[in-house]
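In: give me coordinates for this.
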Amino acid sequence: MILSLQNEKIKYLRKQKGNKFLLFLDNPKTIHEAIDSGFEVKELLISLENEKLQAEFEKFDKILTSNAIISALSDTKTPQGIIAVFSMPKHKLETPKTKFLVLDNVQDAGNVGTLLRTAKGTAFDTVFLVDSAHITNPKTIRSSMGAVFNLKIHELKKSEFLEFAKTIKTPLITADMGGENVFETDLPNTFGLVLGNEGQGVSKEMREICTKTIAIPMQNNLESLNVAVAGGVIMFETIRRKQ
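Out: From the prediction side, this is the model:
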């Protein structure tokens with residue numbers, strides 16, 4: 001039992017919030033999803049007053065604590081009485097065997113999470129986050145609706161990805177204005193889809209390593225779509241063709 005915010009463990013955990021290798025979850029359903037997906041629980045804290053959650057997570061080692069400590073470790077305005085800390089798995093960097101997604105400097109965590117959710121639903125099983133919003137960002141986690149636990153996700157700097165890309169035999173295709181109509185052009189069965197920053201699009205360095213540029217035709221003089229919407233349209237187009 002820990003009831004003081006000045007406890008050394010609590011002070012350490014508060015400092016670790018934002019660590020991209022640690023995942024802080026405060027939703028029981030999401031915590032169960034992480035556990036069921038094989039994520040390792042490093043710490044589990046439950047409110048002393050919440051007997052229902054204590055029973056629900058009875059088989060796990062846990063720390064009983066105060067609502068004040070739960071609030072201090074949570075990112076939501078109304079915490080549900082639980083905090084679970086997980087280690088993020090580190091996947092081997094290798095060429096994906098299925099379709100994959102590359103996010104080039106996508107900064108909005110909601111966009112990243114939404115794209116992860118769509119990637120899961122369309123079998124883009126590997127995702128490279130290149131200088132993008134972190135996977136452990138609470139907004140990323142919430143908007144992904146659990147997809148983060150079922151994808152092979154790599155966080156890389158652009159220089160690291162560009163070096164790794166030299167070893168990838170699978171074609172990289174980017175989405176940008178002026179490209180070929182995605183609904184009329186040929187697409188390989190396996191490829192990497194490169195999506196760019198919300199304001200600047202795909203960077204010059206990333207465009208140069210792509211073999212094709214595709215675009216979604218617009219009506220009513222609209223220039224572009226939100227990156228998460230555009231990515232969803234393209235990823236689901238691959239499912240439509242397969243069916």
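In: name the element residue 173 belongs to?
Out: Residue 173 belongs to strand 172-181 when assigned by DSSP states H and E.
In: so for that strand, mean pLDDT?
Out: Average pLDDT, strand 172-181: 92.
In: same question, stretch 1-8
Out: For stretch 1-8, the per-residue pLDDT averages 94.
In: same check, this time on stretch 113-131
Out: pLDDT averaged over stretch 113-131 gives 96.
In: in that stretch, which residues are buried?
Out: Burial within stretch 113-131, assessed by neighbour count using 16 or more other CB atoms under 10 Å, is assigned to 113-120, 122, 124-131. Any C-beta I mention is one placed from the backbone N, CA and C, and that applies to glycine too.
In: next one: stretch 89-105
Out: In terms of neighbour count (16+ other CB under 10 Å), stretch 89-105 has its buried residues at 96, 99-105.
In: okay, domains of the protein per the record?
Out: Dividing the chain into domains by automatic domain parsing, as the record does, gives the ranges 8-87, 100-242.
In: could I get these as a markdown table with distance to residue 1?
Out: Listed next are the domains of the chain as a markdown table, based on distance: least, CB to CB, whole Å:
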| stretch | distance to residue 1 |
| --- | --- |
| domain 8-87 | 5 |
| domain 100-242 | 26 |
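In: out of those, which is closest to residue 2?
Out: For these, the distance to residue 2 is smallest for domain 8-87, at 5.1 Å, taking CB to CB.
In: got the end-to-end distance for the closest one?
Out: Its first and final residues considered, domain 8-87 spans 20 Å by CA to CA, to the nearest Å.
In: please apply the same query to stretch 99-117.
Out: Using CA to CA, one end of stretch 99-117 lies 15 Å from the other.
In: could I get the full set of strands for this protein?
Out: Under the criterion DSSP state E, the chain contains strands at 22-25, 41-47, 63-65, 82-87, 100-104, 126-130, 152-156, 172-181, 192-195, 212-215.
In: for residue 236, find the nearest of the ones you listed.
Out: Comparing the strands of the chain under CB to CB, the one sitting nearest is strand 192-195, at 11.7 Å.
In: neighbouring contacts of the closest one?
Out: 96, 99-104, 106, 115, 124, 128, 168, 170-175, 202, 206, 210, 227, 230-231, 234-235 (CB atoms under 8 Å, 6 or more residues apart in numbering).
In: same thing but at 7 Å, please
Out: Contacts to strand 192-195, defined as CB atoms under 7 Å, 6 or more residues apart in numbering, come from residues 100-104, 106, 124, 170, 172-175, 202, 206, 210, 227, 231, 234-235.
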